[in-house]
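>>> Structure, please.
(chains A and B)
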Amino acid sequence: MSGSTQTEGGALTTTTPLRSGTLHSAAEIDAAMFPDEARLLDALSTATDLSSSSDEVEAACATWFDRHHLSSARANTLRAIDISARSTVLEIAPGGGAVTRYLGETCTTVDAVESDPRLATIAARRCDDLPSVQVHVGWIDDVPVEPVYDLVVALDVMGDLRHHDTALETFVQQCAALLAPGGLLVLGADNVDGVRFVAGDAPPLARHGQVERPAQWHRDDLEKAVRSAGLSPAVLSAFPDHRSARTVFDHDALAGLAPDLLTALPGFPSPSYDGPRPAGFSEASLWSQAVARGEGARSANSFVVIAATEPPAPASAATYWSMGRRAAFSATNTVIADAGTGPLIRREPTFPDAPRAEGPLHLRPHSEPLLDGTGLTGVLAAATDPVRVALLLREWSDLVDRSVVEGEPVCWDLIPRNVLIGEAHGGLEPFDQEWQLDARPGGADLVRARGAFWLAYDLMVARCRPDWLRGRTVGEAADYILRLARPDTPFDWFDTFVDLESTLMSHIWPSSPRHSRQARARKEWNSVSSLSNTTPPEQPGAGTHDDPGTSLRDVIDSLTAANADLRAEVQALRLEQRRTALVHRDHAVGLAAETEALREKLARVKRESRRHKDRALLLQEQVAAMKKSTTWRVGSRVVKPLASIGRKSRS
Amino acid sequence: MTETSGPLFSIVTPVYNVPPAVFRDTVDSVLAQTFGDWEWILVDDCSPDEAVAPELRAQAARDPRIRVLTREQNGGIVAASNDGVDAAKAPFIALLDHDDLLTTHALAEMAKVIAAHPDDIDYIYSNEDKMLPDGRLAHRFAKADWSPERFRHGMYVCHFSVLRTSLVREVGRFRPGYDGSQDHDLVLRVTEKARRIHHVPRVLYHWRMIPGSAAGDGDAKPYAVTAGIRAIQDQLDRLDIPGRVTRQEDIGHYRVEREPDLTTPTSIIIPTRGTSGRVWGSTRMFVVEAIRSVRENSRHTSLEFVVVYDTDTPPQVLADLQELPDVELVLVHFPDEFNFSAKCNVGALHASGDVLLFLNDDIQAESDEVIGHLIAPLREDGVGLTGPKLLFENGRIQHAGVGFGDGHISHMHYKSLDTDTRDPELRINREVSAVTGACVAVRAETFHEVGGFTEQLPMNFNDIDFSLKVRRQGLRIVWLADVVLWHFESITRSPHVESWERDFMLARWGDFRRMRDRYRSIYT
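Sure thing, here's the model as predicted:
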């Protein structure tokens, strides 16, 4: 190490041999030739918040390419590993700098070498305000070989390995040579035997200059390469991949602690790499089969290899994250062994420093024991007896009622998805209760409404749709479910539900600065409304159940249909009523204006008539005056009679 | 008036180096007033011309109602006028310059207005004309009724102005530092607080044109312009209107550029039949291109497009609309027979925005940030509607406000050229009698208060009727010169107006053929 300098922030930044060299990054991006890269740079240049918890940057991502280079989820893989003690870090192939940003916020000195000059420019822009970070254009060959780094991160290098014609063993040896004593190498790779690839996916191209897809490896290859460099490997499994991990786990530890979670934690199907995907993508069933066969350890989509002379023991058996939420609502969940109670799930905010979110919804950091039991949704999906369904739904409804205490926050997410039928005594047990809604009247009703709606949706898309929901839309199914759970539900519950649901959703998901939260809420409103009006297509090959009591079903069916008609009619009438009110107001305003116009006309006519009267009076006075004059008197009394006598005598 | 003691008007006249012959005319015009309940305060601002002081004394001797104040030292127009204001005993101040003339009925007309609204009238102004150096009267200026937006672009009320004395004192009289635009500044401050403002549409004042005086010289002095800009900017700041004031030197008016409003949830309502047509040599689907151009033009963060379409709208149009990127679309089917008003109303009932913007489908945005600028003035109290400048395909004016009165209902400046125009009426924001329904923005609450567009007029005049209903609520209609859109309505279209439509307007709004157009400004 050649020395240290004090940065503006006060943190101590180490001067690495790479920094004293001449590598630099300054590349213009030609928007015509590289529109994707230009868009990323533009998004970062206009963003006011570049941090790894930036909702703004998150919302600017439209495609897989964008997310791959900007999304905060890129750093999840590292979040699963404790790197707080590592101060001097080298990142190889950082791409757009999403991971670099996280490293820069966590460690004091971060060097990054990126061979694509445009991506290097983007990564440098992302870390503009971090004095700890320097981004260089280059490859590992360009890093002076001195053992100065506590941590070398190579999460996305398999494409570059092919591009630079570097063998995996060579690369790992090069990395090992840069590690300070006790240093750690973190390597990410796609698994040749990963279920998503067996199902038909191909690994993605993250750099536009490269033509060959990233190399994939067996678990054995990776371990061998690490050992050949004189290090020991610890291998973690990642889903949907090591790039944007939703979950990272130590397979053997998790299998020992909570084997059910092996199939529960990875969400399927994995989001696609924006490419075509074969029909009947069977990733989910391949994974459960692999787990059942005991081959889970070699079948994960991706591996994260931690290499060191003595790799540290993993802090937890598994870590999983909420994906895509606003930073303030993002949660990190760790599965840990607790000697007293059995496995525990600890839930913490992913970004404790993110600005507090507005709105009535809050994330609740807490720990809860991992329960044994069967999911309520699954039991309901498989139930054939309507009486059993109704009883379970009533029980859930009672659970909701019990959970709501006046003046206390509402367990907003106490919906069947998050309820188990306990193994021990058969009662309903809530889990995953990470949300709290500010206290409000009618809290139980709104939780019931959400529960019914999302249960309806879950059952409609279940592998085997229950018979009693066939032929209904999601909205009708929800109405039916809600009535089973609580017969005295008002007929217009859905309007209240969709308004609140869309508002709350608009708080949870990030929205781009181009659109306000109200606009986002309207979008959610539209999507929930249209979801309620659809009937999702049934899964091919789904089985059917035997028909239970038809008469009861028919009655419920006809009631539900009548209800839907009624609701539509009420909506049309409400619209008509508002329009009539509008027309009436127009008439009222018009009549008032007409009266005013008439009054003005009346005043004008009165004025005119008064003027005419005055004129007539004046003329009358003039006539009277004229008649009083001598000329008039002489004329009428002398001249006129004489003239008439004259006329008579002539005739 | 309840105050029976003392005069009704204090005429205030600062005097500085006035030629005696000219001043004698002014005195004669005041002594000839048919209304006699006034006092006249002459403030000699320490004129260096030695003839002035004896002349003032001689004239004051002619009538006991004339008082002369003499300043110890020269203080400029602001200080001299303020001395007059301080000395005024009457409840109203009338401003008269030392070389101008009043018509013999001037004070009588003003007194009539005060008698009609004794308790709340705070400011009155009249029309005026100019007296040429040879004594002829010319350049008659028939002004618009009180128009705050127009007033921010130029001191149009000018003479003859009568202000309530107590209010002038309350707002702090004339302000030092605003010389040259001190009257503009004062009237800005007075009218902000005035409870009632009245315009007497008769010439009561002859402004003498003397080469070098403001009346004779078209170009205002630079210090007066900067003072004017400051005075208007002050008002924007006082009223919390984010914006910037500049000068359009070539037409001698100011320009007020408001910050665009990019956040108020806005619904753009477009009635359409999905027609296509040729514009600038190529065929386009009007409604699709209208929405595309508006969305691409605006950075507004909460825009919703409500398209109300007829049954015979081609399905391709609806499909193309749904393909538009980044557009929040609400499609509303309108099954009844054609009624423009009803389509707009139904669209408004489906809209969720706080501001509604009604737009024809055959338009295209031209100026920057059309939406943000068009809706920005609606934040100001008293503004009911806003409308933009619309241009025909060939660049001539389609819409620059609609006149109601002076004999007819008609588009102002219709078909005149917009390029390089030096006509201030096409270059300043101003109040108008009505705006076209082709593009009009309104707050949703106002729309619902007045009952939307009247469905009794399916074709013509529904927009005029709408404007008049909004004005009846005491709200102003502001036309924005810098917000420009293309409107591809055929320039040869001659809309046929049915006689029953005209009769409807006559019955509801009175005889527009006999009325004065209240927001027209005519300078001859």
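
>>> Wait, A:Arg126 touches A:Ser52, no?
No. At 9.1 Å, A:Arg126 does not count as touching A:Ser52 under the criterion of Cβ atoms under 8 Å. C-betas here are computed from N, CA, C, even on glycine.

>>> Find residues that contact each of these two.
A:98, A:101 (Cβ atoms under 8 Å, 6 or more residues apart in numbering or on different chains).

>>> How many residues are close by residue 115?
Since no chain was named, I'll use chain A. Residues lying near A:Ser115 (other Cβ atoms under 10 Å in any protein chain shown) number 23.

>>> you looked at the wrong chain, it should be chain B
For B:Ala115, using other Cβ under 10 Å, the count is 11.

>>> so who does the residue in the stretch 301-450 of chain A positioned nearest to chain B touch?
With Cβ to the nearest Cβ, the shortest gap between the stretch 301-450 of chain A and chain B falls at A:Glu358, namely 15.0 Å. For A:Glu358, the contact set (Cβ under 8 Å, 6+ apart) comprises A:His507.

>>> how about it, phi and psi?
Backbone torsions of A:Glu358, given as degrees, to the nearest 10, read phi -80, psi 170.

>>> what pLDDT does it get?
A:Glu358 carries a pLDDT score of 82 in this model.

>>> same question, the one 4 residues further on
Each residue has a pLDDT score; the one for A:His362 is 89.

>>> How about A:Glu538?
Note on A:Glu538: pLDDT of 69.

>>> do A:Thr13 as well
Per-residue confidence at A:Thr13 stands at 68 (pLDDT).

>>> One more: A:Leu23?
Reported pLDDT for A:Leu23: 57.

>>> where in the chain is pLDDT low?
No chain specified, so I'll use chain A. A:1-13, A:21-26, A:278-280, A:538-555 (pLDDT under 70).

>>> Oops, wrong one, chain B.
Checking chain B against pLDDT under 70 turns up B:1-5, B:211-220, B:420, B:490-494.

>>> which stretches of the stretch 151-300 of chain A form strands?
Taking DSSP state E, counting those that start in this stretch as the test, the strands found in the stretch 151-300 of chain A are A:179-191, A:216-217, A:232-239, A:247-249.

>>> could these be laid out in CSV, adding mean neighbour count and distance to chain B?
Formatted as CSV, the strands of the stretch 151-300 of chain A follow (neighbours: other Cβ atoms under 10 Å in any protein chain shown; distance: least, Cβ to the nearest Cβ, whole Å):
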stretch, mean neighbour count, distance to chain B
strand A:179-191, 22, 33
strand A:216-217, 19, 35
strand A:232-239, 22, 32
strand A:247-249, 27, 33
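
>>> Tabulate these in a markdown table, adding columns for distance to A:Ala62.
Listed next are these as a markdown table, based on distance: least, Cβ to Cβ, whole Å:
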| stretch | distance to A:Ala62 |
| --- | --- |
| strand A:179-191 | 24 |
| strand A:216-217 | 27 |
| strand A:232-239 | 23 |
| strand A:247-249 | 25 |
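
>>> For the nearest residue to A:Ile122 once chain neighbours are set aside, grab the count of nearby residues.
Leaving aside its chain neighbours, A:Ile122 sits nearest to A:Gly96 (4.5 Å; criterion: Cβ to Cβ, 6 or more residues apart in numbering or on different chains). Using other Cβ under 10 Å, the number of residues around A:Gly96 comes to 32.

>>> any chance you could map the strands in the stretch 201-350 of chain B?
Going by DSSP E, counting those that start in this stretch, the stretch 201-350 of chain B shows strands at B:243-248, B:253-258, B:266-272, B:276-279, B:282-285, B:303-310, B:329-334.

>>> In chain B, which residue sits closest to chain A?
B:Gly451 (3.1 Å).

>>> got a list of what residue 431 touches?
The chain I'm using is chain A. With Cβ under 8 Å, 6+ apart, A:Phe431 has these contacts: A:368, A:371, A:418-420.

>>> if you could check chain B rather than the one you did, that'd help
Contacts of B:Glu431 (Cβ under 8 Å, 6+ apart): B:144-145, B:147-150, B:476-479, B:519.

>>> Once you drop chain neighbours, what's closest to it?
Nearest residue to B:Glu431 in three dimensions, chain neighbours excluded: B:Ser147, at 3.9 Å (Cβ to Cβ, 6+ apart).

>>> my read: the one you found touches B:Tyr519, true?
Yes. The pair B:Ser147 / B:Tyr519 is scored as a contact, 6.3 Å apart, by Cβ under 8 Å.

>>> so what's in contact with those two at the same time?
B:430-431.

>>> And those two? Which one has more around it.
Using other Cβ under 10 Å, the more surrounded residue of B:Ser147 and B:Tyr519 is B:Tyr519, with 26 against 22.

>>> hmm, back to that, out of the contacts of A:Phe431, which one sits closest to A:Gly256?
Nearest to A:Gly256 among the contacts of A:Phe431, counting by Cβ to Cβ, is A:Leu371 at 17.8 Å.

>>> Now for the closest one, how many residues are close by?
The tally of other residues near A:Leu371 (other Cβ under 10 Å) stands at 16.

>>> Tell me the residues of the stretch 501-650 of chain A that contact chain B?
Within the stretch 501-650 of chain A, the positions near chain B by Cβ under 8 Å from any Cβ of the partner chain are A:513-516, A:518-519, A:522-523, A:575, A:578-579, A:582-590, A:592-594, A:596-597, A:600-601.

>>> Recalculate using a threshold of 6 Å.
With Cβ under 6 Å from any Cβ of the partner chain as the criterion, the stretch 501-650 of chain A meets chain B at residues A:514-516, A:518-519, A:575, A:578-579, A:582-583, A:585-586, A:589-590, A:593-594, A:597, A:600.

>>> So which of the residues you listed belong to helices?
A:518-519, A:575, A:578-579, A:582-583, A:585-586, A:589-590, A:593-594, A:597, A:600 (DSSP state H).

>>> I'd like the strands of the stretch 201-350 of chain B as TSV, with distance to chain A and mean neighbour count appended.
Output for these, formatted as TSV (distance: least, Cβ to the nearest Cβ, whole Å; neighbours: other Cβ atoms under 10 Å in any protein chain shown):
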stretch	distance to chain A	mean neighbour count
strand B:243-248	22	16
strand B:253-258	20	19
strand B:266-272	10	26
strand B:276-279	28	13
strand B:282-285	24	12
strand B:303-310	7	24
strand B:329-334	8	16
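
>>> Relative to B:Arg472, which of these is closest?
With Cβ to Cβ as the yardstick, what comes closest out of the strands of the stretch 201-350 of chain B is strand B:266-272 (22.4 Å).

>>> Which elements pack onto that closest one?
Contact analysis of strand B:266-272 by 3 or more Cβ pairs under 6 Å, 6 or more residues apart in numbering or on different chains; DSSP states H and E lists strand B:303-310, helix B:340-350, strand B:355-359 as its packing neighbours.

>>> For A:Ala313, find the nearest of the ones you listed.
strand B:303-310 (54.3 Å).

>>> sorry, back to before: grab the two from the contacts of A:Phe431 that are most spread out in space.
Every pair of these checked by Cβ to Cβ; the farthest is A:Glu368 and A:Val419, at 13.3 Å.

>>> which one of these two has more residues nearby?
A:Val419 (26 against 16).

>>> Not counting sequence-adjacent ones, nearest residue to that one?
With Cβ to Cβ, 6+ apart, the residue lying closest to A:Val419 is A:Leu376, at 4.2 Å.

>>> Count the residues that sit near the one you found.
A:Leu376 has 26 neighbouring residues, counting by other Cβ under 10 Å.
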